[in-house]
Structure formats: C-alpha cells, structure tokens
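Participant: Predicted coordinates and the sequence they were generated for:
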Amino acid sequence: MSWTHSPDSHIPEQQYYSSMDIHPSPSKPINALSPSVSAAREPKLQLPSTTDPPGPQNPPKQLVWLIFGATGHMGRSLVKTALCRNDLVAAVGRTFENSPESMKKLEEEHENCLGLLCDVRARETVKKVIDRTIERFGRIDIVANCAGYGVIGACEDQDEYEIRDQFETNFTGTLNMIQLSLPHFRERRSGRYLIFSSTSGALGVPGLGPYCASKYAVEGLMESMLYEVDNFNIKGTLVEPGHMRRDDVGDLVSHTAAMASNEHNLASPLPLYGHFFVKQPSEPYNTPTAPAAHARRMLMWLGDKQPASAVKAAHLVWQLGHCSYPPLRLVLGTYAVESIRDRLKCIIEEIEDWKYLSFPVGDQPGSSTGKDKPSTESRDKQDREMTT
C-alpha cells in the first residue's frame, strides 16, 4: 500500500521492516556517549535509497530533537541513539514518573542533552517545553512523540476516566505537540514529526478497544495535517512498531525501572508492560478463553521477551529524522508487518465481496421527468445484470 501527500510530493511508499526481530540483548548497560560500544552494536538495517537516508551521499547534519516520553524504553533508546550521533536532544520525562533531580542528572551526564518534565495532556506544560528547547538550542528540527498510555481490559469494563485518560494522553497530547510546534516549523519552513503509533492504530485488538481508538485518531490526525502543511516543507512519519523488548537498559531509566527485574509482577504492570494498566476483568469476561483477555494473555506470555528490538527501531527512527523523503508509515517488526498485512488483505477482500452493490442516483433538480427518465422495467433489468 502506498500513500503520498500530494501528486507532486516525493514521499516513498510505506516501508516495512521485519529483520529487526533477531537482536541479542546486551549483557550490561550501555552509556549513550560511548562510541566504541556504540560502533560494536551498530545495527545494520538501513532505510531504502529512495528515502535518501543519511550516508556518504547525504551526510547527516546536527539536528535538534524534542523527544516526548524520553524515559520509556523506546524513548530512552531513541535519546541514546541521537546523542551517540552528536545530535542535540531535549529529553522530556513525565511529571508523574520522573523527578526534576533525575532530569537534571541527565543534563550533567550528557552535555548535548536538555532534561525537561511535561504532562502532554496539559497544553501549557507542552508550550513551556517547546520554548525551553528553542531557548537552549535556538531551534527545533524534529518532534518525536514516544509517550503513550493504555488500559488492558474489555471495552465494557473501562470507565469514563480511563477512556478519557487514554485519549487525552495519546491523541490530545499529540495534538498539543503539533499545534504548538507548527508555528516554529512554518516560520523556518522546515520540520519533521516522528509520531509513535502502534499496530493498534491499524487494527483492532481485543482488550485494547479505547487504546486502539486513540491510536486510530492519531493516524487520522497525522494524515490530514500532513496534507495541510506539505507546502511548508514539513514532513512526518507514523511509526508502527510491534512488540518491543527492553534491550537497552541504561542511564535514562526512570525510577520504576528498578522493579523491571521482578519477573511477571502483575501488581506493578508498568515495569513489565510499559505504560499499560492491566484492569481486573468483570465476571462475564473473566474466563481463560475470553477474547477480551487476548491483550493480557499475549503480554503475560511474552513477558519481557518481545521479539522486536528497541535498539534497532531507534536506529531506523534516527535515520527517518535525517533522510530526505520519509514514508508516511514505518512498520517495524515481523508481528507488526504480518498483522497489518493480514488486516489490509481482509479489507480488500471485503471490498471485493460487496462492490457489486450500487445505489441509483436520485433525480437532479431541473432534470426532465419524461423520456429521459429510465423506466422501472429498465432499472429492474440493470439490477438483475449486476447481481449475476
């Protein structure tokens, strides 16, 4: 499937990567500024030449990244990758997870890094983060959103607060970032958005209904917005990863990371499941084979052994920031590729199954009602022909 912003835009078709699924976990934490260690673990995956990726033909320039959700395992890997390659990074932690002291320590450890705190649901805090980044580095080149929150549970079991919280974090938070940074990008006639969506933004997952809905909303927002800002040379990509494992534990870990060693600790789902809250199912859905428990069963089965590598994903996302022609979507991991491909195949098959249906056009105002109007007999004949 392909998609472009406009007939004249040079945006390549949707990209898929599945070979990132085989990557050994490191035996010890890795310092983000250690070139020797970084070179030894340099992922080999590269974006296709149609994107004009960073390399000898397109030497990477030093860019300024504003990364929301920087202390989650995907955001942490992206921050480290950008710092390793001499980019400037404003790493934004969560006000309800990280302390100002921890973000200050981050600045002391990495001279090219600015540590900030933000609640993406609060528009004024997003504005302060953007202003602080511009004040420190003079500009913003890339806004990356790795922040997200979901509740695992049946749609019927999730209350209004939980549903609103997911939409305010995933959708409204993304909208706040875009609306408040677009004036800066338009003024510079340059800018890029790298928004982490999910396979849940492309297909429905039992047990993640409201979360999927919030990701669908993000995808619709991005597609529409990129049409609107194409003339300002502003580009963007929706990153759709599959299950990402925590294979880069290190100095950007939040205070909850110490609990990550607790194998299958359901009492504290954040270290094990990322930023998901596992809700106790109600009686109708509390059966071993209930479809609504699919997401919970899958995450418990995977534990921290997710097949896709956050390190390799971060490397590819860094390339997205530096390439000339990014795709609208980047699907990462075998699970994501196969799931989304099957979903699109089902949609195409359903369209083909039902395309024979047609609806007659009503009489237009001012049209003649005599000889030009088809007879009932001729309309019935047309209907019979279409159904055979």
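Facilitator: Received it, and whenever you're ready, just let me know what you need.

Participant: ok, which stretches of this structure are helices?
Facilitator: Listed in chain order, the helices of the chain (DSSP state H) span residues 35-40, 73-84, 100-109, 123-137, 160-167, 173-188, 209-228, 269-273, 294-302, 310-322, 334-354, 376-387.

Participant: Let's have the ones you listed in TSV, adding mean pLDDT.
Facilitator: Listed next are the helices of the chain as TSV, based on pLDDT from 0 to 100:
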stretch	mean pLDDT
helix 35-40	43
helix 73-84	91
helix 100-109	82
helix 123-137	97
helix 160-167	95
helix 173-188	98
helix 209-228	96
helix 269-273	40
helix 294-302	72
helix 310-322	92
helix 334-354	90
helix 376-387	59
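
Participant: Give me whichever of those helices is most buried.
Facilitator: helix 73-84 (a mean of 27; mean count of other C-beta atoms under 10 Å). All C-beta spots, glycine's among them, are computed from the backbone N, C-alpha and C.

Participant: what are the C-alpha coordinates of that helix, in CSV please?
Facilitator: Output of helix 73-84 as CSV, limited to C-alpha atoms (Å, rounded to 0.1, in the frame of the first residue of the first chain):
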residue,chain,number,x,y,z
HIS,A,73,12.2,2.0,26.8
MET,A,74,11.6,3.2,23.2
GLY,A,75,12.1,6.9,24.0
ARG,A,76,15.3,6.0,26.0
SER,A,77,16.7,4.1,23.1
LEU,A,78,16.0,7.0,20.7
VAL,A,79,17.6,9.5,23.0
LYS,A,80,20.7,7.4,23.3
THR,A,81,20.9,6.9,19.6
ALA,A,82,20.6,10.6,18.8
LEU,A,83,23.2,11.5,21.4
CYS,A,84,25.6,8.9,20.1
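
Participant: tell me what that helix is packed against?
Facilitator: strand 64-68, strand 88-94, helix 310-322 (3 or more C-beta pairs under 8 Å, 6 or more residues apart in numbering; DSSP states H and E).

Participant: Tell me what angle that helix forms with helix 310-322.
Facilitator: For helix 73-84 against helix 310-322, the angle by axes from the mean of the first three to the mean of the last three C-alpha atoms, to 10 degrees is 60 degrees.

Participant: Please find the angle between the direction vectors of helix 73-84 and strand 64-68.
Facilitator: Interaxial angle of helix 73-84 relative to strand 64-68 (the same axes, to 10 degrees): 160 degrees.
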